[in-house]
Each structure stands twice: as C-alpha cells, then as structure tokens.
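K.L.:
Pasting a predicted model and its sequence here:
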Amino acid sequence: MTNQDIRCRFAPSPTGYLHVGSARTALFNWLFARSVGGTFVLRIEDTDGDRNRPELIEVIFDELRWLGIDWDEGPFYQSDARDRHRQVVTDLLVAGRAYLEDSDKNLVESTELLDAHAVRYRVPKDQTVTFNDAVRGEVSFETNDLEDFVVWRSNGTPTFLLANAVDDADMGITHAIRGEDLLSTTPKVQLLMHEIGATPPTYGHLPLLVNEQRKKLSKRRDDVSIADYRTRGYLPEAMVNYLALLGWGPDDDIEIRPIAEIVAKFDLSRVNKAAAFFDLKKLDHFSATYIQNLATDAFVAQAMPYLQADDRWPAEAVDSALVSEFAPEVQKRVAKLSEVPDWYDWIFLDTVEIEEKALAKGLQKAKSADQVLDGVIAAFADCPWDEDVLNQTVRDVGDALGVKSAGPVRVAVTGKMGGIPLYGPLVRLGREKTIDRLRAAREYI
RNA sequence: GCCCCGUUCGUCUAGCGGCCUAGGACGCCACCCUCUCAAGGUGGUAGCACGGGUUCAAAUCCCGUACGGGGUACCA
C-alpha cells in the first residue's frame, strides 16, 4: 500500500454541535491524510434515529469549513446504507453468528422480525483479539470478557458497532483515527469485520481532551462548542494551531506556525498517549498572537462586525477609518475579537460612565486629582488641538503640581484605568467632548 | 467489580539508552521600556509518580505498586 492509498475518515454523529474534542479528532484525521497525501472522507453516522438532530448536520459542516478542515469525499450518510446493514445482520442470523433477542426463532423467517427484535452478535469464545494501534502499540482483548453485544436495535436500525464496521469496510477505510473512549469497542468492531470478510483498518486512538478535573470533556459540563469559540471571535487559524498541539508536538519546539508546516511535521506515530487538558489561557495566547500578526486591514475587516453589533451605539457610528487608525494599538491588547469594542468604546460613546474602581482609585484617591483636572480643563480650552501638545500640556499641569497627571485625565475621558494610548484618540474625540468629560469627572471628586 | 489505557515543570509538550546537572511554550514572579493597560525585551520559578530489575550507562527497556482515566447501553 502506498501513501496515496491511505483513506481515513471523520465520522461524527449529529447528536450535538461540533465540540472541541470532535474537532480535534477531525483535525488529526485531516492532518494525517494531508501529511501522507491520502484521502480524507466525511461520513455522518446518523443511525441513532431518536437522538439524531438533522438540522445540526449543516452546522457541523460549517464549523469544519471554518476551521479549514476540508474533505475529499462525502459527506456520506450512514442511513443511506440501511439496506446493506440489514443484509449483513440477516446474513449473521442465517449463519448462526447472531441471534434475535427475546425470540425463540433462530433464523429470520420474515424480515419483519428485524423491526421488532434486537439482534445480538454471538461473541466467539476463547479468542484473543489483538491489534497494533498506531498511537498506543499492541493492544489485546479476550473475547471471553466481551458479552454478546447488540448489533441491531428493535426499532429496525443498526447500532454504531455494526454500521461502523460495515461502512469502514465498504468505504475502504485504511486508518481509523478516533478518541480513546472508543478503544474498548475496537475488538467488537474487528470481530464484525472478520465476519463480513473484511480486513480491519489500522486504528489510532487519540488521547482524550479533559477538563480541570481530568475528566473527558463533556458537552454538558464544559465550555466546548466550536461555534461558541467562533462567536467569541477566536481566529480559526489559532484554534486549529492550538488543537494540533494537544496530544502532539513538533520536534523543533516551534509551536505557533502555519498549518502547512504542521501538516509537513505531523507524524501519527508520535502522537501522545496521555490525556490533555484544554487550557483556555494558552488558547488565548495563541489567538492573541494570531490577531496581533494580522495586517491592519484584515484586523479591521474582522473586527467591524463586533463593533457594529455593539448595542451601546448605532452601527453607523462605527467609522472604519477611525477604527483603522487605532487598530494596531487594539490588536496588541485582545485575545479574541469580542474584546475589541471595549477598547474603542470611549471613542464611539457620547458620554462615558466611569467604572467604579477607576473612580475610586484613579480619581478620588489620586493625589491632587481635582487640581489636575482644573488645570487641564483650563489649558485645553485654548491650546492647539494636537497630539503632542495635549501630551505636553497634561505633563506640564502635573509637573507644576508635582504629581502624575495623566491618570485622572485618562479616567475622566475613558472611564477606565487602562487603555490604548490616550492623546491620539483625544484629537479625534474633539475639544468639546473632551472638556465636557473632564468637567463631568471633576464633579465626582 | 471486571476489561483496557495512561503517568516528564501548575498546564501543553521535546526527549524515543550516553548530546539531560531534562529543552521549549502557556501561566506566574521580577526587572527594563512606558501617560495607563498591554505588547515587546531580559531574567527567574517549577517536573522525569514510586519501588525493583536489565545495562558500563535509563526520563528513555522490563516487572511490580500507587494514582488517574476510559469502557462495561437497543449512545457513539
């Protein structure tokens, strides 16, 4: 088999939104396929009729595309192979390799029986199922530890075990890369594959992604929806880069790098075996770095929707030229796009509300803040409205009083203790609004 | 309970018998820069779970113990 013959797949079941664990599995399959020049197949495992939510299928595709994970074949739907699955179960029953649950009949005398009875596979005794896992090495199970498992539900649908085995065989999948939570289902699936005369693919079980409690990430408990990260304005490149480093690391210690390099470096056999904690702090660092490296225009284009959607001001109030002017300063300060508006708010707002701690620390407790504001108000009344002049003017007022003067001014004008450099935006804000804010703040002291 | 898997700084990882008095990154701390907050720069903090082997030599190989996790559904 050459690398071009390698076929792997991502096979999600549409029972929920795409979450980071699934996305990581999809990514590793994709990285593996791309790194060896093989084929990446997308298959939707929609056999569980009750828990299926068809409306989520498109959403899953959309999230994959957003992440830049493209597929070469598919999407295929497991439900389309229903007849094939039914035939396999029937063959198993006829051959005596499986039996109907809650029924005396050993054979399928009428196919209707398959709509009312579950079917269990007759697990052979005294066998050892051994396979060479691409990431964990040799793993083996005794069939005597396996119960006769259900391959067909009484509602007339195949279970994951059967559908997965049949589909992987029929689609010529050579490598099944999936989460470690599926490791113990492997012997069952392999047994079924042998029953239908197929050669099982090479399995590669990825270490689980876990939370602080070291438990498998769960949709209920943990914050794991890819869609949520997207909404919050994480860049997909950062997300993918970070995800690629969970359970794997390049040998040259370079972490933040283009996906093409990751593809070139990726090696399935070097994937780790131990569970990995999904660390939001590190993701933020990756995202911040990617945002910082964005060209100004690209950053502005991506940030505009977040600015326009902010309900503190009308969308029309967001002037892209103005956004652009201070973009480089904002880029250095955000980890995700949803944080952007808070760095610009004081520029778009007519009046600002002074934050509680800024009021206390920056104004009321600041030394001579009242005199600073009085001095600046007076000086700003007729000085040239220029960045350098404003800067120097505030300094002079402070020097005359022997205190640091920029703090109170910043709090008065922006309502916050910290922010992007003050004087450039002040020029754009204008003399009138600036002085109004200084006067308003003066009242609080 | 039973089966399976795992264990390098707090976290993600490099390491695949000598290059390791264990490297990088995030975080944290300090300093520099600075109108603030950041960014950036510099430095620091902290780890091979434990016990036995094998070997001239072990983070790396083997066995055991402890701890953690996954599975044990007519979910996947």
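P.N.:
Structure's in. What do you need?
K.L.:
pLDDT on stretch A:77-94, on average?
P.N.:
Averaged across stretch A:77-94, pLDDT comes to 94.
K.L.:
And for it, what's in contact with it?
P.N.:
A:11, A:43-47, A:98-100, A:106-108, A:111, A:114, A:119, A:121, A:151-152, A:157-158, A:162-163, A:166-167, A:170, A:195-196 (C-beta atoms under 8 Å, 6 or more residues apart in numbering). Bear in mind the C-beta positions are built from the backbone N, C-alpha and C, glycine included.
K.L.:
how about the residue lying closest to residue A:38 once chain neighbours are set aside, what does it touch?
P.N.:
Closest residue in space to residue A:38, ignoring its immediate chain neighbours: residue A:6 at 3.1 Å, by C-beta to C-beta, 6 or more residues apart in numbering. Shown in contact with residue A:6 (C-beta under 8 Å, 6+ apart): A:32, A:33, A:36, A:37, A:38, A:39, A:174, A:175.
K.L.:
State the number of residues packed around the last one.
P.N.:
Residues contacting residue A:175 under the criterion other C-beta atoms under 10 Å number 20.
K.L.:
Could you do the fifth one as well?
P.N.:
For residue A:38, the neighbour count with other C-beta under 10 Å is 21.
K.L.:
likewise the third one?
P.N.:
Around residue A:36 there are 19 other residues, counting by other C-beta under 10 Å.
K.L.:
Pull the contacting residues for it.
P.N.:
Residue A:36 touches A:3, A:6, counting by C-beta under 8 Å, 6+ apart.
K.L.:
Does the closest residue to RNA strand B within the stretch 301-445 of chain A lie in a helix or a strand, and which?
P.N.:
Of all residues in the stretch 301-445 of chain A, residue A:418 sits closest to RNA strand B, at 2.4 Å by C-beta to the nearest atom of the strand. Using DSSP states H and E, residue A:418 sits within no helix or strand.
K.L.:
Same check on residue A:344?
P.N.:
Using DSSP H and E, residue A:344 maps to helix A:341-348.
K.L.:
Next: residue A:239.
P.N.:
helix A:236-244.
K.L.:
Name the surrounding residues that touch that helix.
P.N.:
A:20, A:23-24, A:27-28, A:31, A:66-69, A:226, A:229-230, A:255-257, A:259, A:262, A:266, A:282-283, A:286-287, A:289-291.
K.L.:
ChimeraX command to pick out the buried ones of those?
P.N.:
Buried members of the contacts of helix A:236-244, defined by 16 or more other C-beta atoms under 10 Å, are picked up in ChimeraX with:
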select /A:20,23,24,27,28,31,66,67,69,226,229,230,255,259,262,266,283,286,287,290,291
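K.L.:
Out of the contacts of helix A:236-244, list just those in helices.
P.N.:
A:20, A:23-24, A:27-28, A:31, A:66-67, A:226, A:229-230, A:259, A:262, A:282-283, A:286-287, A:289-291 (DSSP state H).
K.L.:
and the residue of the stretch 301-445 of chain A closest to RNA strand B, how many neighbours?
P.N.:
11.
K.L.:
One more: residue A:58?
P.N.:
11.
K.L.:
Would you list the phi and psi of it?
P.N.:
phi -60, psi -30 (degrees, to the nearest 10).
K.L.:
And it, how far from RNA strand B?
P.N.:
18 Å (C-beta to the nearest atom of the strand, to the nearest Å).
K.L.:
Same check on residue A:99?
P.N.:
12 Å.
K.L.:
is it true that that residue touches residue A:119?
P.N.:
Yes: using C-beta atoms under 8 Å, residue A:99 makes contact with residue A:119 at a distance of 7.0 Å.
K.L.:
Just list the residues touching the residue nearest the centre of chain A, thanks.
P.N.:
Centre of chain A computed as the mean C-alpha position; nearest residue by C-alpha atoms, centre = their mean is residue A:226, 3.7 Å away. Residues near residue A:226 by C-beta under 8 Å, 6+ apart: A:17, A:18, A:19, A:20, A:23, A:63, A:66, A:67, A:239.
K.L.:
and the contacts of stretch A:77-94, which of them are in strands?
P.N.:
Secondary structure from DSSP state E places A:43, A:44, A:98, A:99, A:100, A:119, A:121, A:151, A:152 of the contacts of stretch A:77-94 in strands.
K.L.:
Just the closest of these to RNA strand B, please.
P.N.:
The nearest one, if we look at the ones in strands among the contacts of stretch A:77-94 relative to RNA strand B and count by C-beta to the nearest atom of the strand, is residue A:152, at 7.7 Å.
K.L.:
Around the closest one, how many other residues sit close by?
P.N.:
Neighbours of residue A:152 (other C-beta under 10 Å): 29.
K.L.:
if I look at the residue nearest to the centre of chain A, how far off is residue A:66?
P.N.:
Remark: distance between residue A:226 and residue A:66 (C-beta to C-beta, to the nearest Å) = 8 Å.
K.L.:
How about residue A:315: what's its closest non-neighbour residue?
P.N.:
Using C-beta to C-beta, 6+ apart and skipping the chain neighbours, the partner closest in space to residue A:315 is residue A:308 (4.0 Å).
K.L.:
how many neighbours does that neighbour have?
P.N.:
16.
K.L.:
Same question for residue A:380.
P.N.:
20.
K.L.:
residues in contact with the closest residue to it other than its chain neighbours?
P.N.:
Once flanking residues are discounted, residue A:380 sits nearest to residue A:435: 5.7 Å by C-beta to C-beta, 6+ apart. Residue A:435 makes contact with A:377, A:380, A:381, according to C-beta under 8 Å, 6+ apart.
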